[in-house]
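> requesting a structural model of the entry that follows:
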Amino acid sequence: MLKAGLQKDALAGIKALALDVDGTLTDGGLWWGVNGEEMKRFCFADVMGVSLARRAGYRIALISGEDSPLVDRFAQKLLIQDVTKGCRDKAAALSSFADRHGLALPEICFMGDDVNDLPALLVAGLAAAPADARPEVLAAAGFVSSRPAGNGAVRELVDTLLKARDLTPQDAFRL
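Residues are numbered from 1 along each chain as shown. Just a heads-up that it's a prediction; the model follows:
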């Protein structure tokens, strides 16, 4: 859901999508096995959303505070080459991503869920959050999904961005 004041033109000008992982692409849960293995759950609606965004020409980045091989596995599966892990300064990581691709920060949407995401949310052209993000993040976001993290929030954001370009998900899938 877009907050009042955001215009379709501003959304149509977004060229890149940067995402936090835990609490945005996942529900924030973590499973540890008896042998120390770590597992995270990703939602296929969000997987398809990221794929549709990539097909529609959006640059995609993952910016995670965690240094998990599962972030690499997700990136590999979705052909995402811009991955920053173990990140403590997400605004700097977002600026670096912009510089590498000749983008201005207003052309980038960043979706995050917690206070460590706020610096990036505050410099991005579009700050986005899942429905269950922290109150501080919800207050800073120009887009708040009706869906919780790890359950279609990213897909809803992508559908909104595509609609601003007069594209349907089916159009993006065919690109």
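> can you list the residue ranges for helices in this structure?
Ranges of helices in the chain, per DSSP state H, are 8-12, 44-55, 69-77, 90-100, 118-123, 135-140, 153-164, 169-174.
> okay if I get those as TSV plus mean neighbour count?
Backbone N, C-alpha and C define where each C-beta goes, glycine included. Formatted as TSV, the helices of the chain follow (neighbours: other CB atoms under 10 Å):
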stretch	mean neighbour count
helix 8-12	14
helix 44-55	20
helix 69-77	16
helix 90-100	19
helix 118-123	20
helix 135-140	16
helix 153-164	23
helix 169-174	14
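> out of those, nearest to Val21?
Val21 lies closest to helix 69-77 among the helices of the chain, at 5.4 Å (CB to CB).
> who's in contact with the closest one?
Here helix 69-77 makes contact (CB atoms under 8 Å, 6 or more residues apart in numbering) with 21, 25, 38-40, 42, 47, 62, 64, 80-81, 83, 85.
> let's see 7 Å
Outside helix 69-77, the residues within contact range by CB atoms under 7 Å, 6 or more residues apart in numbering are 21, 38, 40, 42, 62, 64, 83, 85.
> which one of those is nearest to Asn116?
Within the contacts of helix 69-77, the smallest distance to Asn116 is 10.1 Å, found for Ser64 (CB to CB).
> per-residue confidence for the residue lying closest to that closest one once chain neighbours are set aside?
Leaving aside its chain neighbours, Ser64 sits nearest to Val21 (4.2 Å; criterion: CB to CB, 6 or more residues apart in numbering). Listed pLDDT for Val21 reads 96.
> quick check, Val21 in contact with Asp67.
No - using CB atoms under 7 Å, Val21 makes no contact with Asp67, being 10.9 Å away.
> higher neighbour count, these two?
Under the criterion of other CB atoms under 10 Å, the comparison of Val21 against Asp67 puts Val21 first, with 26 against 10.
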